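Q: Next comes the sequence, and after it the predicted model I'd like to discuss.
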Amino acid sequence: QVQLVESGGGLVQAGGSLRLSCAASGRTFSRFVMGWFRQAPGKEREFVAAIGSNGARTYGTESVKGRFTISRDNAKKMVYLQMNSLKPEDTAVYFCAATYGSDWFSDRAYNYWGQGTQVTVSS
């Protein structure tokens, strides 16, 4: 069992930066692939980025490559999403999620979810 709590969201101007954090509980955190998803009003939840259990592999959706970086600290049971050069279209609720599975990109593959944190980017 894993519980996830996101923090770090807020209101920022276009071009600004935010760092989202996800604190995990549970003894098996280091075995999970961790992902970030987001959901904008009226839209489906979409994959943003994921990181392997030991942090060696990461993936990001095309729209955030070069701007967002996912990282993790297994000793602290934390996952981070550094978001730079933010755009108004990045506005959404951002969710942290954990999966044991091999599908990193589908939200249906993730077993545990946080409650989400709002990110609003003004133009």
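A: Okay, I see it. Numbers count the residues shown, from 1 in each chain.

Q: In three-state terms, label residue 95 for me.
A: Look at residue 95: counting by DSSP: H, G, I helix; E, B strand; the rest coil, its state is strand.

Q: Could you double-check that it sits in contact with residue 114?
A: Yes. Using C-beta atoms under 8 Å, residue 95 is in contact with residue 114, at 5.7 Å. Just so you know, the C-beta spots here come from the backbone N, C-alpha and C atoms, and that holds for glycine as well.

Q: between the two, what contacts are shared?
A: Taking C-beta atoms under 8 Å, 6 or more residues apart in numbering as the criterion, residue 95 and residue 114 both touch residue 6.

Q: Does the most centrally placed residue in the chain belong to a helix, a strand or coil?
A: Nearest to the mean C-alpha position of the chain, by C-alpha atoms, centre = their mean, lies residue 36 at 2.3 Å. Secondary structure state of residue 36, per three-state DSSP, is strand.

Q: so how far is residue 29 from it?
A: Residue 36 sits 15 Å away from residue 29, going by C-beta to C-beta, to the nearest Å.

Q: picking that back up, can you tell me how far the nearest residue to the residue nearest to the centre of the chain once chain neighbours are set aside is from residue 104?
A: Of all residues not flanking residue 36 in the chain, residue 48 sits nearest, at 4.3 Å (C-beta to C-beta, 6 or more residues apart in numbering). According to C-beta to C-beta, residue 48 and residue 104 sit 11 Å apart.
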